[in-house]
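>>> build the 3D model from these lines:
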Amino acid sequence: MTPTMPATRTPPRLALAITVASLMAALTLTPAQADDSPSVPPGTEPSATAPVEVDPNDPDLKLPEGATLAAPKVLDIKQVVEDQSGDERREDTNADVKFALQAEVLFGKDSAKLNGDARARISAIAAEIKNQHATRIRVFGFTDNLGSYAHGRTLSRQRANAVQDVLDQELKDSGITYEVRGYSEDYPIASNATEAGRKKNRRVEVSFPRGEN
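Below you'll find the model as predicted:
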């Protein structure tokens, strides 16, 4: 008769540690970095809320001996200018410049083919890019929530590509890096419950870092 081996019992603390480690491993996922993986549009990045007042004598600051806090300053001031028709919008911060063009002034309905007036508007943006000496340009397309998400993703990307093509022709600078994305109905700037809101959401945004001039 084969003797029965006593069951090995895992100590409670070790069992708990193994369980927690297994759970953490299951929950830790490495995000895929595909070429068309979404990048967060300017203005939607999460930002930490700064304290209203900082005590320079707070021991948790751990300032080096003799060091002092810099004078407070206001960051990321935004200036917004929109033409009377609402077809074009410009946002300026101390870090970036962003143009938003409504799709109707660039394309026909459900189309990614630029109309006759589109090049003049895009050329004006190219002139500002030159003025700011920008070398990194983001061109993002957006749609409203009508139709399928997949169709909106394709259409918004095609429209962004069309605008980027004209910028590339205008700038003729091989040193410029473009990031081109299509977001479908994601990141709306107005309510999709009305046609006026949907019109604002159907747009192409061109943004780039502000120069030092």
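>>> what is Gly182 paired to in the beta sheet?
Beta-bridge pairing of Gly182 under DSSP bridges involves Gly141.
>>> what's the distance between Arg202 and Lys78?
23 Å (C-beta to C-beta, to the nearest Å). No exception for glycine: its C-beta is placed from N, CA and C like everyone else's.
>>> er, Gly197 actually
Gly197 is 21 Å from Lys78, where distance means C-beta to C-beta.
>>> also Pro41?
On the measure of C-beta to C-beta, Pro41 and Lys78 end up 14 Å apart.
>>> then Val180?
Distance from Val180 to Lys78, by C-beta to C-beta: 24 Å.
>>> higher neighbour count, those two?
Val180 (18 against 12; other C-beta atoms under 10 Å).
>>> surely that one is within a helix?
No. Using DSSP: H, G, I helix; E, B strand; the rest coil, the assignment for Val180 is strand, not a helix.
>>> so it touches Arg159, yeah?
No. Using C-beta atoms under 8 Å, Val180 is not in contact with Arg159, being 10.0 Å away.
>>> tell me the mean pLDDT for stretch 189-201?
Averaged over stretch 189-201, pLDDT sits at 95.
>>> endpoint to endpoint, it covers what distance?
6 Å (C-alpha to C-alpha, to the nearest Å).
>>> which parts of that stretch are buried?
In terms of neighbour count (16 or more other C-beta atoms under 10 Å), stretch 189-201 has its buried residues at Arg198, Lys199, Lys200, Asn201.
>>> the first one should be in a helix, yeah?
Spelled out, that is Arg198. Yes. Under three-state DSSP, Arg198 sits within a helix.
>>> tell me the contacts of it?
By C-beta atoms under 8 Å, 6 or more residues apart in numbering, the contact list for Arg198 reads Asp144, Asn145, Leu146, Ala190, Asn192.
>>> Ala124 and Asn115: what is the separation?
The spacing between Ala124 and Asn115, counted by C-beta to C-beta, is 16 Å.
>>> cool, Gly175 as well?
From Gly175 to Asn115 the distance is 30 Å (C-beta to C-beta).
>>> okay, those two: which has more neighbours?
Neighbours were counted for Gly175 and for Asn115 using other C-beta under 10 Å; Asn115 has more, 12 against 6.
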